[in-house]
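K.L.:
Show me how the following folds:
(chains A, B and C)
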Amino acid sequence: MAYWLMKSEPDAYSIDDLKVDRRIPWTGVRNYQARNMIRDQMKKGDMAFFYHSNCKEPGIAGIIKIAKEAYPDDIKPGDGRKKRPKKNKVLKMNADPANPTWFVVDVQYQRKLKRVITLTELKSHPELEEMPVARKGNRLSITPVSEEQWNFVLELE
DNA sequence: GCCAACGTTGGC
DNA sequence: GCCAACGTTGGC
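P.N.:
This is a model prediction of the structure:
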């Protein structure tokens, strides 16, 4: 079993939204590195931190579980999709259904953390300096988390 | 709103 | 294939 960190802008979709919806397809990932992780590495049963990005208090807000492994992301904005697309942004869709480029996994709500563990706090611990989200300039929306990092973060809660 | 740190695009 | 220009992410 592997651990991950998945970013979402809470204005677009927050841990509280997922608490209501319970389970959603994690649509809209359009970065090849993140795509490769979704398609090739994420397994059913893997756990992930739900991270709030680009907001007042960036940090880890909850825990989710991978409920279904990768399948083509043919979920168009507005087409039963829960995550709201960014305004003024046209999402590239799969051109050839037989040879998809973009994939999605389903995630299942596990729990909300008692408090948001902020990015500032994550950065303050030397034990987490290798954690991608705590590194300068990191932009990937999906990053791996080691078991040690996972357990360390949960101890902070 | 600024801008660093990338990723992508397209001319050559 | 190189790389300059451009676009995006996301903290601050």
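
K.L.:
could you pull out the helices for chain A?
P.N.:
A:15-21, A:32-36, A:119-124, A:147-156 (DSSP state H).

K.L.:
Report the buried residues of the second one.
P.N.:
For helix A:32-36, the buried set under the neighbour-count rule, 16 or more other C-beta atoms under 10 Å, comprises A:34, A:35. All C-beta spots, glycine's among them, are computed from the backbone N, C-alpha and C.

K.L.:
quick one: is it near DNA strand C?
P.N.:
No - Helix A:32-36 is not in contact with DNA strand C by C-beta under 7 Å from any atom of the strand; minimum separation 9.1 Å.

K.L.:
Right, and DNA strand B sits closest to which residue of chain A?
P.N.:
residue A:137 (2.4 Å; C-beta to the nearest atom of the strand).

K.L.:
For that residue, grab the count of nearby residues.
P.N.:
As a burial measure, residue A:137 scores 4 neighbours (other C-beta atoms under 10 Å).

K.L.:
For chain A, give me the ranges with low pLDDT.
P.N.:
A:78-89 (pLDDT under 70).

K.L.:
So which residues on it come close to DNA strand C?
P.N.:
Going by C-beta under 7 Å from any atom of the strand, the residues of chain A near DNA strand C are A:7, A:9, A:53-55, A:58, A:86, A:89, A:119-120, A:123, A:138-141.

K.L.:
Show me where chain A has its strands.
P.N.:
Assigned by DSSP state E, the strands in chain A fall at A:3-8, A:23-25, A:47-52, A:59-72, A:103-118, A:142-145.

K.L.:
before we move on, the earlier item: nearest approach to residue A:104 belongs to which of the helices of chain A?
P.N.:
Residue A:104 lies closest to helix A:32-36 among the helices of chain A, at 9.8 Å (C-beta to C-beta).

K.L.:
who does the residue most central in space within chain A bridge with?
P.N.:
With distances taken as C-alpha atoms, centre = their mean, residue A:6 lies nearest the centre of chain A, 1.8 Å away. Here residue A:6 shows beta-bridge partners residue A:50, residue A:142, assigned using DSSP bridges.
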